[in-house]
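Participant: need a 3D model of the sequence below.
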Amino acid sequence: MAERKKTVIVGMSGGVDSSVAALLLKKDYNVIGVSLQVFDYSEYQDCELKGVCCSPEDVYDARKVATKLSIPFYVLNYREKFNRLVIDNFISEYLNGKTPNPCIICNEFIKFGEMLNFASSVGADFVATGHYAKIEHKGSLRILKMGRDRRKDQSYFLYRLRQNQLAKILFPLGDMTKDEVKRIAKDNNLDVYKKRESHEICFVPDRNYSGFISKNINEDLSGRIIRSDGKILGRHKGFYRYTIGQRRGLGISSGRPLYVTGINAAKREVIIGYENELYSASFSTRNNNFIYKIDDIDKADGIKVKIRYLSEPKDCKISFTDDDLVSVNTSEPLRAVTPGQSAVFYIGDIVLGGGIISEVIR
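Facilitator: Sure, this is the predicted structure:
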């Protein structure tokens with residue numbers, strides 16, 4: 001008797017990556033395409049939404065690809081959970097003086113958390129996406145690794161995945177480059193190879209983050225702009241409008257460029273200083289998740305950290321100071337280490353894990 005063909009749920013965003021992922025997997029699996037509805041875009045009628053993850057235009061493109069591939073296609077509505085788990089967190093973090101990365105939270109709870117729940121409910125064996133990352137087996141462990149195309153590697157966004165989740169996830173593009181993926185799409189007459197890539201936060205397609213937060217709060221969060229020594233330099237209309245490292249829009253004249261070096265949400269203060277005050281070689285992370293644990297991690301060599309998706313990994317030493325606090329010391333000072341962002345730790349191309357930056361020592 002022939003072995004049963006396994007079933008995979010492919011998260012289809014309407015872009016070239018997830019479309020090619022579905023195309024490649026169809027050869028060996030029963031493929032079911034799924035798009036997610038997570039946000040009401042009706043108030044963004046004047047924005048270009050094509051290429052914005054989970055927008056109606058992209059769901060339409062995903063459906064067209066599924067039709068062309070002759071695979072079933074469903075749209076799953078997760079608006080309520082997305083609002084509660086992702087958007088509320090985004091607003092709360094900004095109001096606490098932090099700069100969150102909602103895509104990481106969405107991956108954890110919605111794109112993988114909920115899609116894996118859906119896969120289980122329909123008896124599917126795997127969930128797949130078009131992420132540029134790799135999963136390898138080491139005995140009973142699953143190891144998350146950087147994608148072959150380092151320019152497009154997305155492992156940074158995936159560090160919150162757990163072992164039980166990685167066991168049921170496929171990343172068919174992990175060993176491919178973006179150029180190869182586009183070529184496959186073109187050769188198979190998938191028009192999505194021509195689409196622009198999305199870089200916006202899906203629920204803020206106009207990139208006006210402060211405007212989005214303003215519409216969702218009902219309190220006056222104006223306050224003082226100060227120097228680190230406490231000298232008052234001016235006033236702002238809301239500390240959530242500023243991020244660490246920001247230079248433009250401060251409204252303060254100076255003989256040297258000034259930058260946002262800190263935010264004190266409790267006092268509603270924006271702290272500014274010179275560029276040299278932006279650098280730090282010591283910080284801590286909380287809400288950590290480690291996929292791959294190594295012995296004596298505080299003594300290990302070769303560990304690197306990324307504090308942003310597009311930043312270069314930097315040498316560091318890490319140690320666990322309590323159950324949920326990791327202390328990080330880098331070999332060279334890093335610019336604009338920002339509370340709320342994620343620090344992700346690597347050894348070679350293996351993702352060890354990471355956490356949310358909490359305290360920064362400048």
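Participant: neighbours of Asn288, how many?
Facilitator: Other residues near Asn288 come to 20 when the count uses other C-beta atoms under 10 Å. From N, CA and C alone the C-beta is placed, and that goes for glycine too.
Participant: same thing with Glu80?
Facilitator: Residues lying near Glu80 (other C-beta under 10 Å) number 9.
Participant: could you say which helix or strand contains it?
Facilitator: Per DSSP states H and E, Glu80 falls inside helix 79-82.
Participant: got it, and Thr67?
Facilitator: Per DSSP H and E: Thr67 is located in helix 56-69.
Participant: helices along the stretch 151-300 of the chain, start to end?
Facilitator: Ranges of helices in the stretch 151-300 of the chain, per DSSP state H, counting those that start in this stretch, are 163-166, 178-187, 209-215.
Participant: those helices: which one's closest to Phe109?
Facilitator: helix 163-166 (11.3 Å; C-beta to C-beta).
Participant: CA atoms of that closest one as PDB?
Facilitator: The C-alpha trace of helix 163-166 is given here as PDB (Å, rounded to 0.1, in the frame of the first residue of the first chain):
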ATOM      1  CA  GLN A 163      10.300  22.800  19.900                       C
ATOM      2  CA  ASN A 164       6.800  21.300  19.600                       C
ATOM      3  CA  GLN A 165       5.900  24.000  17.000                       C
ATOM      4  CA  LEU A 166       9.100  23.500  15.000                       C
END
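Participant: enumerate the positions of it that are buried.
Facilitator: 165-166 (16 or more other C-beta atoms under 10 Å).
Participant: count the neighbours of Lys5 for me.
Facilitator: 11.
Participant: these two touch, right, it and Asn30?
Facilitator: Yes. Shown here, Lys5 and Asn30 form a contact pair, counting by C-beta atoms under 8 Å, at 5.3 Å.
Participant: contact partners of stretch 242-258?
Facilitator: 99, 225, 233-234, 236, 241, 259-263, 270, 272-275, 278, 335-339 (C-beta atoms under 8 Å, 6 or more residues apart in numbering).
Participant: switch the cut-off to 10 Å
Facilitator: With C-beta atoms under 10 Å, 6 or more residues apart in numbering as the test, stretch 242-258 has contacts from 94, 97-99, 209-210, 225, 227, 233-237, 241, 259-263, 270-275, 277-278, 335-341, 360.
Participant: the residue lying closest to Leu166 once chain neighbours are set aside: what's it in contact with?
Facilitator: Setting aside the residues directly before and after it, Leu166 is nearest to Arg142 in space (C-beta to C-beta, 6 or more residues apart in numbering), at 3.7 Å. Going by C-beta under 10 Å, 6+ apart, Arg142 touches 135-136, 161-169, 291-292.
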